[in-house]
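In: missing the sequence, but the structure's below:
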Ligand code: TMP
């Protein structure tokens, strides 16, 4: 990420944005589309499950531990059998709800440079959507969720949004196609924009 040229994986697409920005809804709408594999981080694997417990506040983990778990979960997500890399190499389009930038944003707020060091060798996606939304609107959208996760409060989400805005241009400089989505738009309008970009790959 910092000045070093990192490999770009063709047909790898990533959704990024603050909580409540609608990335999961859009991923759901893509599921089942031919030759598209939808996936997400944290994964459903063993490390992802530990992370989900911590996100729900069921176990208390140090931010540095979270940063390391996210990076370990990502390693499996990418390089395990039938993972992101293998699928992209055989011509599938892989769309992931969250990836490296989530760690640089969220864990970057909480533990400085550590996530940059842990994530510097992961390859970059070809296309990145940044779902941008006013944090108050996003937090309001999450009010009816049964469980409030540890990062889902206004002050933190405001920092998250600012950091995404700072870091996405850096990915663009590294050769990633970055599309900023106005995530306050209706679901169908966002879905059309996403589909158009993915179809053009
Ligand atoms: P989500 O499934 O609703 O997107 O929730 C995942 C949460 O985990 C969200 O608050 C963002 C956070 N997260 C990180 O803090 N670092 C990461 O590397 C990833 C992938 C997610």
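Out: Happy to help now that I have it. For clarity, every value in this text was computed on a predicted model and none was experimentally measured.
In: how about the nearest residue to residue 147 once chain neighbours are set aside, what does it touch?
Out: Closest residue to residue 147 apart from its sequence neighbours, by Cβ to Cβ, 6 or more residues apart in numbering: residue 56 at 5.5 Å. C-betas here are computed from N, CA, C, even on glycine. Residues counted as contacts of residue 56 (Cβ atoms under 8 Å, 6 or more residues apart in numbering) are 147, 149, 150.
In: give me the residue from this structure nearest the ligand.
Out: Using Cβ to the nearest ligand atom, the closest approach of the chain to the ligand is made by residue 106 at 3.0 Å.
In: distance of that residue from residue 77?
Out: When distances are taken as Cβ to Cβ, to the nearest Å, residue 106 and residue 77 turn out to be 16 Å apart.
In: got it, and residue 56?
Out: Per Cβ to Cβ, residue 56 is found 20 Å from residue 77.
In: Residue 51 now?
Out: 12 Å.
In: follow-up on the earlier one: and of the contacts of residue 56, the nearest to residue 138?
Out: Proximity of the contacts of residue 56 to residue 138 was ranked by Cβ to Cβ; the top entry is residue 149 with 12.8 Å.
In: Now do the contacts for the closest one.
Out: Taking Cβ under 8 Å, 6+ apart, we find residue 149 in contact with 19, 55, 56, 57.
In: Which of those fall within helices?
Out: Filtering the contacts of residue 149 for membership in helices, criterion DSSP state H, returns residue 55.
In: Which parts of the protein are helices?
Out: The residue ranges that make up the helices of the chain, judged by DSSP H, are 23-30, 46-55, 63-79, 84-89, 100-102, 108-111, 114-119, 135-141, 154-173, 187-199.
In: Mean neighbour count, those helices: which tops it?
Out: Mean neighbours per residue, mean count of other Cβ atoms under 10 Å, is largest over those for helix 100-102, with a mean of 27.
In: Now do it, average pLDDT.
Out: Looking at helix 100-102 alone, the average pLDDT works out to 98.
In: same thing with stretch 7-24?
Out: When pLDDT is averaged over stretch 7-24, the result is 98.
In: Pull the distance from it to the chain's centre.
Out: Per Cα atoms, centre = their mean, to the nearest Å, the displacement of stretch 7-24 from the mean C-alpha position of its chain is 5 Å.
In: Throw the contacts of residue 56 into JSON lines and include distance to residue 185, thanks.
Out: Formatted as JSON lines, the entries for those read as follows, by distance: Cβ to Cβ, whole Å:
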{"residue": "147", "distance to residue 185": "27"}
{"residue": "149", "distance to residue 185": "24"}
{"residue": "150", "distance to residue 185": "28"}
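In: and which of those residues is nearest to residue 13?
Out: Sorting the contacts of residue 56 by distance to residue 13 puts residue 149 at the head of the list, at 24.3 Å, by Cβ to Cβ.
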